[in-house]
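Novice: no sequence for this one, just the structure:
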């Protein structure tokens with residue numbers, strides 16, 4: 001478990017993290033979202049003791065990172081996959097990390113195989129592709145078999161098979177009761193991976209909720225309607241006893257409706273003998289919900 005309480009970090013006049021509090025629970029994948037400059041990277045650095053908070057606290061399993069006797073056995077982290085000496089092989093890099101915590105050689109081989117690097121274990125890291133570097137960073141995070149994982153953009157540079165592998169990996173780790181914090185700008189991937197989301201904007205928590213609740217909160221149901229009698233149906237919907245519906249054209253013989261459910265629209269059509277060719281509720285997406293929430297939280301926006 002990761003707990004932040006009143007956590008703030010100031011760099012000169014810049015308040016990067018502003019009095020945030022949250023709990024990242026075990027047994028689920030928590031997505032960490034926010035625009036560039038929102039404070040995500042700073043928050044993760046504070047979790048890992050790479051920066052000191054200006055005020056407040058952040059703990060991992062009840063202790064500050066600096067107080068952990070064997071950090072790699074408690075927390076595995078991927079913040080910068082490029083932070084590896086290019087002249088070392090993947091195996092020698094992991095061996096060096098393992099030696100700091102008396103992790104046995106067999107564990108090095110296990111994570112190499114787990115991350116698909118077994119065949120290139122003795123290749124110099126300087127010759128790795130971006131995706132292979134990401135896999136090595138994940139291998140290092142897994143090396144101590146930690147109960148807490150903090151992964152910043154782990155699918156960056158991976159091909160579709162690699163993206164699927166990361167998704168399955170983090171879901172499996174969470175199913176084992178581990179705490180998994182996952183930061184990514186890929187909303188479609190986050191929607192398929194995360195159980196819960198925490199969204200930062202300008203250094204503050206602007207959302208902290210289960211992903212389904214976050215997507216649906218405050219969003220009206222939208223329904224696509226297609227009918228050869230679209231104009232008549234639209235007129236009936238607009239003049240009915242509940243005239244709160246809003247309609248927008250959506251091509252020939254089609255329109256979208258907000259303010260009425262698909263069942264209500266279908267009922268009006270049936271009562272008036274109107275044939276429907278399509279009646280489709282439009283599911284809200286994580287990307288829609290995220291963009292709607294963070295539109296006013298952008299620090300770096302194009303003119």
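Specialist: Great, that's in hand. Bear in mind that the values here come from a model prediction, so they are computed numbers and not experimental data. Residues are numbered from 1 along each chain as shown.

Novice: what residues go with each domain of this structure?
Specialist: Domain segmentation of the chain under automatic domain parsing yields 2-216, 222-282.

Novice: worst average pLDDT in the ones you listed?
Specialist: Averaged per stretch, pLDDT over the domains of the chain is lowest on domain 222-282, reaching a mean of 88.

Novice: The domains of the chain: which one's closest to residue 292?
Specialist: Residue 292 lies closest to domain 2-216 among these, at 10.3 Å (C-beta to C-beta). C-betas here are computed from N, CA, C, even on glycine.

Novice: Quick one: end-to-end distance for that closest one.
Specialist: Start to finish, the residues bounding domain 2-216 are 26 Å apart (C-alpha to C-alpha, to the nearest Å).

Novice: Can you classify residue 133 as helix, strand or coil?
Specialist: Secondary structure assignment for residue 133 (DSSP: H, G, I helix; E, B strand; the rest coil): helix.

Novice: is it true that it touches residue 157?
Specialist: Yes. Shown here, residue 133 and residue 157 form a contact pair, counting by C-beta atoms under 8 Å, at 7.1 Å.

Novice: circling back to that earlier point, tell me which of the domains of the chain is the most buried.
Specialist: The highest mean neighbour count among the domains of the chain, using mean count of other C-beta atoms under 10 Å, belongs to domain 2-216: a mean of 18.

Novice: Name whatever forms a beta bridge with residue 24.
Specialist: Assessed by DSSP bridges, residue 24 has beta-bridge partners residue 2.

Novice: That one and residue 59: what is the separation?
Specialist: Here residue 24 is placed at a distance of 11 Å from residue 59 (C-beta to C-beta, to the nearest Å).

Novice: Overlap in contacts, the two.
Specialist: Taking C-beta atoms under 8 Å, 6 or more residues apart in numbering as the contact criterion, the residues that touch both residue 24 and residue 59 are 2-3.

Novice: re earlier: in JSON lines, list the domains of the chain along with distance to residue 290.
Specialist: Below are the domains of the chain laid out as JSON lines (distance: least, C-beta to C-beta, whole Å):
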{"stretch": "domain 2-216", "distance to residue 290": "6"}
{"stretch": "domain 222-282", "distance to residue 290": "17"}
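
Novice: So for residue 294, which of the ones you listed sits nearest?
Specialist: Distances from residue 294 to each of the domains of the chain were compared by C-beta to C-beta, and the smallest falls on domain 2-216, at 5.4 Å.

Novice: The stretch 1-150 of the chain: strands as residue ranges?
Specialist: 2-11, 14-24, 28-33, 55-60, 75-78, 148-152 (DSSP state E, counting those that start in this stretch).

Novice: mind checking which of these is nearest residue 248?
Specialist: Among the strands of the stretch 1-150 of the chain, strand 28-33 comes nearest to residue 248, with 28.4 Å by C-beta to C-beta.

Novice: what's the closest one packed up against?
Specialist: When contacts are defined as 3 or more C-beta pairs under 8 Å, 6 or more residues apart in numbering; DSSP states H and E, strand 28-33 sits against helix 40-47, helix 160-175, strand 179-183, helix 187-193, strand 196-201.

Novice: ok and the third one relative to helix 40-47, angle-wise?
Specialist: Spelled out, it's strand 179-183. Strand 179-183 and helix 40-47 are oriented at 150 degrees to each other (axes from the mean of the first three to the mean of the last three C-alpha atoms, to 10 degrees).

Novice: The last one now?
Specialist: Relative orientation of strand 196-201 and helix 40-47, computed by the same axes, to 10 degrees: 110 degrees.

Novice: Confirm that residue 255 sits in a helix.
Specialist: No. Using three-state DSSP, the secondary structure at residue 255 is strand, not a helix.

Novice: ok, it touching residue 225?
Specialist: Yes. Between residue 255 and residue 225 there is a contact under C-beta under 8 Å: 5.7 Å.

Novice: show me the contacts for residue 42.
Specialist: With contact taken as C-beta under 8 Å, 6+ apart, residue 42 is in contact with 9, 16-17, 51.

Novice: Adding distance to residue 209, write those out as JSON lines.
Specialist: Formatted as JSON lines, these follow (distance: C-beta to C-beta, whole Å):
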{"residue": "9", "distance to residue 209": "24"}
{"residue": "16", "distance to residue 209": "23"}
{"residue": "17", "distance to residue 209": "20"}
{"residue": "51", "distance to residue 209": "27"}
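
Novice: from those residues, which single one is nearest residue 95?
Specialist: Here the nearest of these to residue 95, counting by C-beta to C-beta, is residue 51; it sits at 28.5 Å.

Novice: In this structure the closest one contacts residue 9, no?
Specialist: Yes. The pair formed by residue 51 and residue 9 meets the contact definition of C-beta under 8 Å, at 6.3 Å.
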